[in-house]
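Trainee: Here is a sequence together with a model predicted from it:
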Amino acid sequence: MEKMPDNDEVDELYQSIIDEYETTKSIAQIAKKLNTTQVRVQRVLITEGLWSSKRTKQIADLRQQGFSTEEIAEKLGKDVRTIQTFLPYTRGQYGKSDSTDALKSKEYRDRMHVAAENMRNKGEAAMTIERGIDIDYLMENGAQGEGNINIKPHTEEELERNPFLNNESVYRLKVELRDHFMWGENGLGLDADEERDFLKLAKAKEGISREVLVPSTMNLHAMHYMIQRLFGWQNGHLHNFCISKDEFQGITRGTVGGWKNLCGSLLHFPADDSTDFYWDDDYQEGESVKSWLKRKYEGPYFQKAVCETYFDSQRQVKKFSEDYPKFTSDMSLDEMNSKIIMEENLNFLNERLTLGELLTDKAPRAGKAREKAYAKWLERLDKKKKRIDEKIAGLGEQTVKDYIEAADNLKLWRHNRNNVEDRLYFGNADGLMDETGRTAEEWLDRADYMIPLYEDGCHRLFNEFNPRLTPLFDTLYYLYDYGDGWCVKITVMDKYDRKTNADLTTCKAFVIDIMNENDGLERYRYYNGDQAMDEELRSVLAYVDVKQHPKCVAADGLYVLDDVGGISGFYEMLETLAGDDLEEKAETRTWARSLGWTGRMSKPENML
């Protein structure tokens, strides 16, 4: 394991917060001046006894009574993450420092799924849609009345001119098991008699499939967890999303240059360290797998993998080009693959991407129409990338260096935290003290402080410096467990566009509503093309959209399970359970139950 840096800047930040508070009593101003978060400033001041509030006193009283963080959260009707923001850091020794270093609390150290709790921290907060009305324009132009809803999709140019125009939607998707090797184009990979028998055993009419309503804001990272839940897997193997072979060939032109051009925007650049990509795989033994997955696929949605950012991907592409100059832009990908073994599949979609950036119900069909659409899409992408590049360059050399350092340190700390956890798991962590001067617990404590710090430092890389794509596809594929070879085909069935008073056309003004969460649930309207949805469907769509909770509305077939051997192995298992060998049946059922499989059908509404 590599030696971790001491990062004296953390000590300096802690002390700087204290020093600043002596002259500046505003937490917000201190956070802005020191380029850190208000939560971190607040917790340092709470730790030092310099700041308190009614809430901190209430929480402190409950802690003195012996309540745990989780119990306090339940008692006050808040989530754990919110309560943690009002707790002091516990104090510990980092090297020679005993007075200015800060550790996360023990509850945080227990790793109660901090990333998942962030996604749960939505509760009563109003939707972050700032609405306003251009009164001057209305008065000058004599506009009166509510106006008419514009049911036509907004162009990218319109959205750029008026960011308040609505561009969110809800998709109805069909997700269905397909044979891996034919990338979804060969059904279940069984002959006619086998398929008929398999469908009967799997309690399926046409195949093992689900239909779901999902918000367009859901990213692929969250969708992975949703698919795991829908099919009964437990996140035990590698995965990736991709497009069809034909579409990948068409949009990359099958060349090295075409592929590199899409890395960091549409595609994921192959990474040599999975700990960053799987940054929030923090399941702990004893927790309900279903509950853990649910916190991952419900919004708000984040993706904090450094390797998925446009900024870091461009660095990796540049390094790759320097390391392998013989792989010229016009070289075919087939030729490159014959000369080098890449760590991952090249047809690997970036999981930062939202469904709204990928999926459309009007995808171009094969032939010249598709070629023309690809050319236009690539032209738009080049313009967007250029704007991002100019924005990054305009930050200045030192700021860019700071982002590089934050990105590299975040990957390092995630990597080292994973190494320490591995040593603890395999029982060989005792030597860490002699090797590094710190115990495993101290390393984990340190990581729990440093990782959020560097995540804050990468905030703009995660959320700002990434080109937003124009949706181009109506079908995606999800590959899981490359040994078992599971493949899920994802198809757009319908798309329901959200409309509000922001989309008025009569007065052509900058008109928008002030809406909190409840307003959205009651007032958002949805259109499929030019057809308005009835109230029953509208209310369901609004719930999925506003709450960012996907909803399963139809299901065909049983759950499957991990490590069974793909579709053919699952078929064999079902045959065994339907057979006459009682001993073999009992052993198989016991094994399947150990992986959460019961053989019972679930109602669609209970699947997510």
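Mentor: Looks like it arrived, so ask away.

Trainee: Just the strands from the stretch 401-550 of the chain, written as ranges.
Mentor: Ranges of strands in the stretch 401-550 of the chain, per DSSP state E, counting those that start in this stretch, are 475-480, 486-499, 525-528, 531-532.

Trainee: okay if I get these as TSV plus distance to Thr217?
Mentor: C-beta coordinates here come from the backbone N, C-alpha and C atoms, glycine included. Shown next, in TSV, are the strands of the stretch 401-550 of the chain (distance: least, CB to CB, whole Å):
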stretch	distance to Thr217
strand 475-480	16
strand 486-499	11
strand 525-528	15
strand 531-532	22
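
Trainee: Let me have those in CSV, extended by mean neighbour count, distance to Val400 and mean pLDDT.
Mentor: CSV is the format used below for these (neighbours: other CB atoms under 10 Å; distance: least, CB to CB, whole Å; pLDDT from 0 to 100):
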stretch, mean neighbour count, distance to Val400, mean pLDDT
strand 475-480, 21, 33, 95
strand 486-499, 21, 37, 94
strand 525-528, 20, 42, 90
strand 531-532, 12, 48, 90
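
Trainee: closest one to Ser16 among those strands?
Mentor: strand 486-499 (44.3 Å; CB to CB).

Trainee: Which strands border the closest one, and is each parallel or antiparallel?
Mentor: Sheet pairing here is set by DSSP bridges, and for strand 486-499 it gives strand 169-179 (antiparallel), strand 475-480 (antiparallel), strand 525-528 (antiparallel).

Trainee: Let me have those in a markdown table, extended by distance to Arg414.
Mentor: Shown next, in a markdown table, are the strands paired with strand 486-499 (distance: least, CB to CB, whole Å):
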| stretch | distance to Arg414 |
| --- | --- |
| strand 169-179 | 30 |
| strand 475-480 | 23 |
| strand 525-528 | 40 |
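
Trainee: So for Asn418, what's the nearest residue that isn't a sequence neighbour?
Mentor: Thr275 (4.3 Å; CB to CB, 6 or more residues apart in numbering).

Trainee: For that neighbour, pull up the helix or strand it's in.
Mentor: Here Thr275 sits within helix 274-277, counting by DSSP states H and E.

Trainee: next one: that helix to chain centre, how far?
Mentor: Relative to the centre of its chain, helix 274-277 is centred 13 Å away, using CA atoms, centre = their mean, to the nearest Å.

Trainee: What helices and strands are in contact with it?
Mentor: Using 3 or more CB pairs under 8 Å, 6 or more residues apart in numbering; DSSP states H and E as the contact test, the elements touching helix 274-277 are helix 397-425.

Trainee: Now do the residue nearest to Ile340 when sequence neighbours are not counted, the pLDDT please.
Mentor: Leaving aside its chain neighbours, Ile340 sits nearest to Tyr324 (7.0 Å; criterion: CB to CB, 6+ apart). pLDDT for Tyr324: 93.

Trainee: thought Tyr324 was touching Met331?
Mentor: No. The pair Tyr324 / Met331 is not scored as a contact, 9.9 Å apart, by CB atoms under 8 Å.

Trainee: Could you count how many residues lie near the spatially closest residue to Cys307 that is not a sequence neighbour?
Mentor: Setting aside the residues directly before and after it, Cys307 is nearest to Ala271 in space (CB to CB, 6+ apart), at 4.6 Å. By other CB atoms under 10 Å, the residues close to Ala271 number 20.

Trainee: swap in Lys383?
Mentor: When neighbours are counted by other CB under 10 Å, Lys383 registers 9.

Trainee: quick one: which helix or strand includes it?
Mentor: Here Lys383, judged by DSSP H and E, is contained in helix 368-393.

Trainee: before we move on, what about Asp562?
Mentor: Counting by DSSP H and E, Asp562 is part of no helix or strand.
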